[in-house]
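S.K.: Give me coordinates for this.
(2 chains)
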Amino acid sequence: MFDRIVAHLRAPVRIDPALDERVMAEVSTLPTPTSGRPAAAVWRWLAPLAGLAAAATVLAVMARPTTPSTHKLQFVLVAPQAATVSLVGDFNDWDAARTPMHPLRADGSVWSAVVPLGPGRYHYAFLVNGSRWLADPAAPTASDDGFGTPSSVVTVSGSGRGEGT
Amino acid sequence: MRIAALFAALTLATRVAAQEPRLERLDSAARAPVAALLDSARAAGLPPEPLIQRALEGTTKGAPADRVVAAVRRLATDLGRARDALGQSADPLELEAGAAALRAGASPGALAQLRRARHQPLMVPLAVLADLVASGVPPDSAAAAVLVLAGSARDADLVEFRRAVERDIALGASPAGAATGGARAAAGVTDLNSTARTGSARPRRP
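M.R.: Below is the predicted model of the structure:
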């Protein structure tokens, strides 16, 4: 009996296929940024369970291609207590001043930045209030480089569709 | 003597800055070693950009110079190992993703198998392999799963497969079970290991 219960608990759990659609429909009610506004934004990824366990929730959004091989990705961070947030990574030479994130909502709880990315695999992280590094809890984790703070990775395919986290 | 040493240091710093202006952001103790690693990488035909980014990441995060240099050296070594496994024709994006997969724990043999199994760019399969291992999937299980799908699955399918595995893990499945089950379901096979060995599966969309 016990073994059967354990086996049942260890079995992979299948999510209701409609879950993604319901979550995305809810997320899509958020206002889009004024700059780099995607014409037909497609929400690419959201890990609600991972986000629940994190201090902040992040998702990346695929937008229309800017060139045949470059796509705009929208990074979104839920950080209600933040005064400033920067998106820092391989795509901006790890320059914390180059890609400030902007509040999407009047209450300042949701921060966003749109970055054009060509095909590749990029390391990135969020810098909150100029001092606190935060990895993307909804994206794959980069291998530890011994720098003391984690980073995330986003992979953009060269096959015509960016993949976003 | 002191003047000569100072002149030599200034000359080296000027040369480094001229080669790659972004290195000026590095701690002075890291600048010359990193520049030397970049020179070695270029001479070996390896892409220098990932090394520059790793050095800038460490610097921006406030890591000590020795850690920055060690991280850059480690990445240069991994890029070389990736090129050995993937072959001279591997492009910079494949090499960077291959280095990440190796650093995560994948074997060079798995990378070589992927090269043989997929006649399309390998950047996304290698990235998915690295990401699966980072999610806790044992390297052998991750490699077997990606190999099953790599033959004909599209890049988008591989990314979706990775997301499905991560969802299953988040919901309590064992990482190995999630990867194996997901790949089996995606490829429509019953014996994942034998399929991975022969590479004879006809993957379908996950």
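
S.K.: In chain B, what residue spans correspond to helices?
M.R.: B:2-19, B:28-43, B:49-60, B:65-86, B:92-104, B:108-117, B:123-134, B:139-150, B:155-170, B:175-187, B:192-198 (DSSP state H).

S.K.: List the buried residues of the third one.
M.R.: When you say that, I think you mean helix B:49-60. B:50-60 (16 or more other CB atoms under 10 Å in any protein chain shown). In short, each C-beta sits where N, CA and C put it, glycine included.

S.K.: coming back round to it: now render the helices of chain B as TSV, adding distance to chain A.
M.R.: Formatted as TSV, the helices of chain B follow (distance: least, CB to the nearest CB, whole Å):
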stretch	distance to chain A
helix B:2-19	15
helix B:28-43	12
helix B:49-60	4
helix B:65-86	4
helix B:92-104	5
helix B:108-117	15
helix B:123-134	4
helix B:139-150	12
helix B:155-170	4
helix B:175-187	5
helix B:192-198	14
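
S.K.: Pick the most deeply packed of those.
M.R.: helix B:123-134 (a mean of 29; mean count of other CB atoms under 10 Å in any protein chain shown).

S.K.: Can you name every helix or strand that that helix contacts?
M.R.: With contacts taken as 3 or more CB pairs under 8 Å, 6 or more residues apart in numbering or on different chains; DSSP states H and E, helix B:123-134 sits against strand A:120-128, strand A:152-156, helix B:92-104, helix B:108-117, helix B:139-150, helix B:155-170.

S.K.: Low-confidence regions, chain A specifically.
M.R.: Residues of chain A meeting the criterion pLDDT under 70: A:1-68, A:159-165.

S.K.: can you give me the strands in it?
M.R.: Counting by DSSP state E, one finds strands in chain A at the ranges A:42-43, A:57-67, A:70-78, A:85-89, A:102-103, A:110-117, A:120-128, A:132-134, A:152-156.

S.K.: Would you mind giving me the confidence score for residue B:35?
M.R.: pLDDT for residue B:35: 97.

S.K.: shouldn't it be in contact with residue B:22?
M.R.: No - the pair residue B:35 / residue B:22 is not scored as a contact, 11.0 Å apart, by CB atoms under 8 Å.

S.K.: still on that earlier bit, nearest to residue B:26, out of the helices and strands packed on helix B:123-134?
M.R.: strand A:120-128 (17.0 Å; CB to CB).
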